[in-house]
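> Predicted model follows, preceded by the sequence.
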Amino acid sequence: MARILIVDDSPSQLMGIRRIVEKLGHEALTAEDGAEGVEITRRELPDLVLMDVVMPNLNGFQATRSICRDEATRHIPVVLVTTKDQDTDRVWGMRQGARAYITKPFNEADLGEVISQLLPG
C-alpha cells in the first residue's frame, strides 16, 4: 500500500480521486491548494502526488516545480491531473518536473495505470 497525496481545490474532484486511490488499495492524503500540497509533501513524504493545476495561492505548475526541485522531495513522482489540455500546458507541466500528465475528465483505468507505473516496486 502506497501513500498518495491528492492536491485539488475542488471538493468533488478530491472525493472522486480519493475513492479511486483507496479502491486501488492505497492510502489517500489530501490538500486543497498548491501551497498546502507542497507543505504536506515535505512533511509526509508520500509515494506519489496527484496535482491539479488551476488552484488558488500556488498553482499546480508552481507546486510541482517546488516539489521536484527540493532535495528532500525530488524523488517523489508528481502526476498533473488537470482540465488544461493544450499541448503547451502538457509541455510546460513536464518541464516543471511532472512525470505524467492526465486531463480531466479522465478514465479511472487510465489513472490507475499511471499510478501503478510510477509507484516504486
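Now that the structure is in, tell me what you want to look at.

> Quickly note the distance from Arg65 to Met51.
11 Å (C-beta to C-beta, to the nearest Å). For the C-beta atoms, the positions are set from N, CA and C on the backbone; glycine is no exception.

> ditto for Asp70
Separation of Asp70 from Met51 (C-beta to C-beta): 14 Å.

> same check, this time on Asp9
Distance, Asp9 to Met51, by C-beta to C-beta: 11 Å.

> neighbour count winner among the two?
Between Asp9 and Met51, counted using other C-beta atoms under 10 Å, the more crowded position is Met51 (28 against 18).

> need the longest helix for the protein.
Longest helix of the chain, by residue count under DSSP state H: helix 11-23.

> which stretches of this structure form helices?
Using DSSP H, the helices found in the chain span residues 11-23, 34-44, 60-69, 87-95, 108-118.

> For the spatially most central residue of the chain, give me the pLDDT.
For the chain, Leu50 is the residue whose C-alpha lies nearest the centre (C-alpha atoms, centre = their mean; 1.6 Å). On pLDDT, Leu50 comes in at 98.

> List the contacts of it.
Each residue near Leu50 by C-beta atoms under 8 Å, 6 or more residues apart in numbering is listed here: Ile4, Leu5, Ile6, Val7, Asp8, Ile17, Val21, Val79, Val81, Leu111, Ile115.

> Redo those residues as JSON lines? Include distance to Gly97.
Compiled in JSON lines, the contacts of Leu50 are given as follows (distance: C-beta to C-beta, whole Å):
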{"residue": "Ile4", "distance to Gly97": "17"}
{"residue": "Leu5", "distance to Gly97": "15"}
{"residue": "Ile6", "distance to Gly97": "18"}
{"residue": "Val7", "distance to Gly97": "14"}
{"residue": "Asp8", "distance to Gly97": "18"}
{"residue": "Ile17", "distance to Gly97": "20"}
{"residue": "Val21", "distance to Gly97": "21"}
{"residue": "Val79", "distance to Gly97": "11"}
{"residue": "Val81", "distance to Gly97": "15"}
{"residue": "Leu111", "distance to Gly97": "19"}
{"residue": "Ile115", "distance to Gly97": "17"}
